[in-house]
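Peer 1: Here you go, sequence then predicted model.
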Amino acid sequence: MSTMAETRSRRPRRRFTDEYKQQAVRLVLDEGKSVTAVARELDLVASALGNWVKQAQADRTKGRTGLTSVEREELTRLRRENRILQEEREILKKAAAFFAKHQR
């Protein structure tokens, strides 16, 4: 039994420069074209372009419509730092329990 996924080959993942993304977003926000139309014109996946547009709107409104790029980067950094601190705290708890047990 053949499925659609087997017959359609996957397109390799593409990377786009920030400038390219900004130009695509400008077509949607500044020229009033729809995300679907621009995605079709530029051979992009509409959901990816939609994400770029949402991020650009958040940046343009200084965060009133979502997290700005700077806030998103800070959130990622803080989550990483929080994870490390939690791991360190767990190690210290175990060490304290170990030494308390062996000092008797």
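Peer 2: Nice, I can see it.
Peer 1: Leaving out the residues flanking it, which one is nearest to the residue nearest to the spatial centre of the chain?
Peer 2: Taking Cα atoms, centre = their mean as the criterion, residue 72 is the residue nearest the geometric centre of the chain, at 8.1 Å. Excluding its sequence neighbours, the residue lying closest to residue 72 (Cβ to Cβ, 6 or more residues apart in numbering) is residue 55, at 7.9 Å. (Each C-beta comes from the backbone N, C-alpha and C, glycine too.)
Peer 1: how far away is that neighbour from residue 11?
Peer 2: Noted for residue 55: a distance of 23 Å to residue 11, by Cβ to Cβ, to the nearest Å.
Peer 1: So which of the two has more stuff around it?
Peer 2: In this view residue 55 and residue 11 are compared by other Cβ atoms under 10 Å, and residue 55 has more residues nearby, 18 against 8.
Peer 1: thought that one was touching residue 66?
Peer 2: Yes - counting by Cβ atoms under 8 Å, residue 55 does reach residue 66; the two are 7.5 Å apart.
Peer 1: before we move on, the earlier item: what's near enough to touch the residue nearest to residue 72?
Peer 2: Contacts for residue 55 were tallied using Cβ atoms under 8 Å, 6 or more residues apart in numbering; they are 66, 69, 72.
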